[in-house]
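[1] Quick one: sequence and predicted model below, then my questions.
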Amino acid sequence: MINALWHRVLKSAYRKEPISGFIVIIGAVDAVIGGVGGRWSLFSFGLMMVGIAV
């Protein structure tokens, strides 16, 4: 139920602004990789990208 709702929200947001959606996805992936791997510079760069895109 929540997964279907989340998918619908992401799909509609990505259709409206594909470039911003792509930047958010890349930034989120960078933040996750940086957070899990202990690379705080990559984590902060990913958060910065998400913040700028939003």
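    Sure thing, it's come through.

[2] Going by C-alpha atoms from here, please, whenever you check contacts or count neighbours.
    OK.

[3] all helices for the protein, in order.
    2-16, 18-37, 40-53 (DSSP state H).

[4] Any chance of the ones you listed in TSV with mean pLDDT and mean neighbour count as columns?
    As requested, these are exported to TSV (pLDDT from 0 to 100; neighbours: other CA atoms under 10 Å):
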stretch	mean pLDDT	mean neighbour count
helix 2-16	73	11
helix 18-37	86	17
helix 40-53	87	17
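
[5] Tell me how far the residue nearest to Gly34 when sequence neighbours are not counted lies from Ala31.
    For Gly34, ignoring the flanking residues on the chain, the nearest one in space by CA to CA, 6 or more residues apart in numbering is Phe43 at 4.2 Å. Here Phe43 is placed at a distance of 4 Å from Ala31 (CA to CA, to the nearest Å).

[6] And Ile25, by the same measure?
    10 Å.

[7] hang on, the earlier thing: pretty sure the residue nearest to Gly34 sits against Asp30.
    Yes. At 6.2 Å, Phe43 and Asp30 qualify as touching, with contact defined as CA atoms under 8 Å.
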